[in-house]
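S.K.: Requesting a structural model of the entry that follows:
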Amino acid sequence: VVSTQSTGEQYIIIMSEDKYELSAVLAGHSADVRCCCMTATGHIVTGSRDGTARVWQQNPNTTADTPAANRWQVTCQLSGHHGFVNAVATLKATPDFPEGLIITAGQDKMVNIYIPGVTDPIKQLAGHTGGVTCLSTGWNGTILSGSADCSVRVWQDMEFREELKGHSAPVWDVALYPGVGTYLSASGDKTIILWRDGKQGTVYKGHLDAVRKLVILPDTTTFMSCSNDGTVKHWDSAGPCLSTVTLSNQFLYSMCILPNCLAVSGEGGNLYIMKDSELSQNIQVPALSVWCCDPLPDSDILVGSSDGVARIFSSHPGKYAPLSDREQMKEQLSAQKHSKQTVGDLDVSKLRGPEALNDRGKEGQTLMINRSGTVEVYQYSGGSWQNLGVVQDAYDKEKHELDGQKYDHVINVDVAEGAPPLKLGCNNSDDPWEVAQNFINKHSLPQAYLTQIADYIKQNTGIGEKPLSYDPNFCDPFTGSGRYVPPQTGPVPATTSGTTRHFPSTRVLTENIPDASKLIKKITEHNESVNDNVKLSPEEMNHFEKIAVKTSEGVALGSQDMELVAKLLTWEKNLLFPCIDLARSINKSSPKFFGFTDKLGIIAANLSADSTTCVRVSLRFLVDVTCQHTQHCVDNFANQIAPAMDTLNTTDKKFVCMALYKILYNMTCVDTDLITYRCILDSISKLLEYIKRELTEKDKPETMIFHLLVAIGNILTKNSQLNQFVDKSLIKQFSNSKYNHKIVVTASEILTL
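M.R.: As a prediction, the model looks like this:
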């Protein structure tokens, strides 16, 4: 029996005791399902990072034996977006549109409106200057859209009505109160804003991270929110927070109200079912992220996840998927979790669950419990068990897979263009600035994001957080630098000669290596346009496809394979860029390719090509060469420094600088002769001057400057004779406090050598 706050009226909810189980699987998208909803006609709409929205219809012949994957079928694929589809919604039926309307929003800053069953939009609503992240609709034809441009737009009858500005970070959700003119918006600035008649009202504060989802409760006097901070909050619309439930130490992305429960979805593949503010069930989905959840009839729940699949869960046994499908999902989960069953030497499965907290303890006693696979630590104090936190051991230390590679950490990064969070992998030994720069390069993000992403990596993984100090008598065999010593309080001690923080360094910088199998289509296309004397025959093309497979799988190539690849590198400059990208992939799996083909000069010659793409891939190849074959090629590569530096004369300034600093830095990570070092040192000075002169503060070039200074330090610690050739006046400029701490410290260290 529940009483409403506004009227005191009571109503009864009949709660089913049946657990939620898998009912149906909607598979077809090729990337994350980011959003989902149900139309007035009983169709399901899903939006994906694959750039499409799909409409699904239930199979009318579904029985208890029908496989989960055959219970819903795609009836229509909606076109019109360029980039991720971030949000979907529906408008109720009207005389003009008796089946209602479907609304989608995307990374392309557009809101599209569709008639059900028609693939092309009948109207596109333009106006946002950033990707549109969320949608909400009202009974009277009102559409709310929130965006990465930090604004909310109100549309009435498919026309722009007003813009609401008040947030300082991307808007992640919007909601409408019944009636006209009252809205809620949630943002990455950790706040929720109430809007009345176009004016900002109450600002709700309390979440410690981005607020991702809002739900206005049926009595309309209260609402709920979930956040990246892992909490669900219940708010009085008048202002105060009524309650907070901590569900997870991971991000929460979405939630929905059902007649008998609240469903919340989030990171870690979790779908939480809450009843009476308590966790009733934790459903595990075999995916890293459950991005969205939406209510369906009969209290069923629709979710979309990062594996490109939407699923329906039901609490009605008659609607459960066949046992074989449910067991298959459990096997998928088991395969993901088999390495998460211990924390140190502790068997998590043998720990008691939350019921252990009902036992009375002794003052100061500690207790570990197993809450849905997570080990929580409690201490008995003042007559009750107090939560001390979560045990982080085997779960955090296990390697996580992303794009075929294993990492200590895989985290989500919300990009400012309004795209859904992108996955970022890093290891405990990584430099967060290097990881951030590689992430920016991989996703073609603005360079201005560098500091923000690096800080975010440090906050969410702990890597690179603590300043380093070194024991001069200890040398790490891997990095060539000293061991880590816990930082001391108080001022940083002055650096003395021979005791440096950031150099010498032997850890090279890399570029993301392309997947060779994905280059086949482009090379096949270019093969039709090249001169006949270098064109690949059908037999050679078949052989080439096998080479691509070998390279993708990391299998070393034989001499016949490499002769064919060498032939590709003789193509005309305007057609050559996919061949150079292929050479980059091969260099990773077949280190002797560089020595075998000796094509460095050919590739370096493309630095003067008219094609920006060709120059870019050539520079990336040279980064790979200095990274993977440093000992072999640095001496010979000195001849290519001049043409590489000449690329500074192109209009592609920022990219060229990002490639050149890696090339020059990598070349200082091994020993070479005095003349080569002098050549590298001169080029570093030239590049530092160029960066200071041509790149603005908006470009955030800190990581380039830092690594170039480390490169100078590398050279000087290996050969002190070169100290006389260092432009100390230039270095002194970077010891100014206007630069970040790492740059100031490193510049100061060089000046003391």
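S.K.: From residue 715, how far off is residue 668?
M.R.: Distance, residue 668 to residue 715, using C-beta to C-beta, to the nearest Å: 5 Å. No exception for glycine: its C-beta is placed from N, CA and C like everyone else's.
S.K.: try residue 441
M.R.: Residue 441 sits 25 Å away from residue 715, going by C-beta to C-beta.
S.K.: Provide the contact partners of stretch 168-176 at residue level.
M.R.: With C-beta atoms under 8 Å, 6 or more residues apart in numbering as the test, stretch 168-176 has contacts from 130, 133-138, 142, 144-152, 182-189, 210-216, 223, 414, 416, 418.
S.K.: Check stretch 225-234 too.
M.R.: Residues contacting stretch 225-234 (C-beta under 8 Å, 6+ apart): 186, 190, 192, 204, 206-215, 222-224, 235, 241-255, 262, 264, 266, 274, 277.
S.K.: which SS state does the residue nearest to residue 307 when sequence neighbours are not counted fall under?
M.R.: In this structure, residue 307 finds its nearest non-sequential neighbour in residue 287, 4.0 Å apart by C-beta to C-beta, 6 or more residues apart in numbering. Per DSSP: H, G, I helix; E, B strand; the rest coil, the secondary structure class of residue 287 is coil.
S.K.: quick revisit: between residue 668 and residue 715, point out the one with more neighbours.
M.R.: residue 668 (32 against 26; other C-beta atoms under 10 Å).
S.K.: which ones are touching the more buried one?
M.R.: 677, 680, 711-712, 714-715.
S.K.: Keep only those of those that are in helices.
M.R.: Counting by DSSP state H, the part of those found in helices is 677, 680, 711-712, 714-715.
S.K.: can I get these in TSV with distance to residue 523 and pLDDT?
M.R.: Shown next, in TSV, are those (distance: C-beta to C-beta, whole Å; pLDDT from 0 to 100):
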residue	distance to residue 523	pLDDT
677	38	78
680	34	84
711	35	89
712	40	91
714	38	87
715	39	88
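S.K.: want to try a markdown table for those residues, with distance to residue 519 as columns?
M.R.: Output for the ones in helices among the contacts of residue 668, formatted as a markdown table (distance: C-beta to C-beta, whole Å):
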| residue | distance to residue 519 |
| --- | --- |
| 677 | 36 |
| 680 | 32 |
| 711 | 31 |
| 712 | 37 |
| 714 | 34 |
| 715 | 36 |
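S.K.: Highest neighbour count among these?
M.R.: Most surrounded of those: other C-beta under 10 Å gives residue 712, at 30 neighbours.
S.K.: wait, it sits on residue 750?
M.R.: Yes. If you go by C-beta atoms under 8 Å, residue 712 and residue 750 touch, sitting 5.7 Å apart.
S.K.: Give me the common contacts of those two.
M.R.: With C-beta under 8 Å, 6+ apart as the test, residue 712 and residue 750 both reach 726, 731.
S.K.: Just the pLDDT for residue 218.
M.R.: What the model reports as pLDDT for residue 218 is 87.
S.K.: Just say helix, strand or coil for it.
M.R.: coil.
S.K.: Can you tell me the number of residues neighbouring it?
M.R.: Residue 218 has 10 nearby residues by other C-beta under 10 Å.
S.K.: all helices of the stretch 651-753 of the chain, in order?
M.R.: Assigned by DSSP state H, counting those that start in this stretch, the helices in the stretch 651-753 of the chain fall at 653-667, 674-694, 702-718, 728-733, 741-752.
S.K.: Could you pull out the buried residues of the fourth one?
M.R.: Pointing back at helix 728-733 there. Neighbour counts over helix 728-733 (16 or more other C-beta atoms under 10 Å) mark residue 731 as buried.
S.K.: average pLDDT for that helix?
M.R.: Helix 728-733 comes out at a mean pLDDT of 87.
S.K.: so how far is it from its chain's centroid?
M.R.: 37 Å (C-alpha atoms, centre = their mean, to the nearest Å).
S.K.: Show me what it is packed up against.
M.R.: helix 674-694, helix 741-752 (3 or more C-beta pairs under 8 Å, 6 or more residues apart in numbering; DSSP states H and E).
S.K.: Buried by neighbour count: which residues of the shortest one qualify?
M.R.: For helix 741-752, the buried set under the neighbour-count rule, 16+ other C-beta under 10 Å, comprises 742-750.
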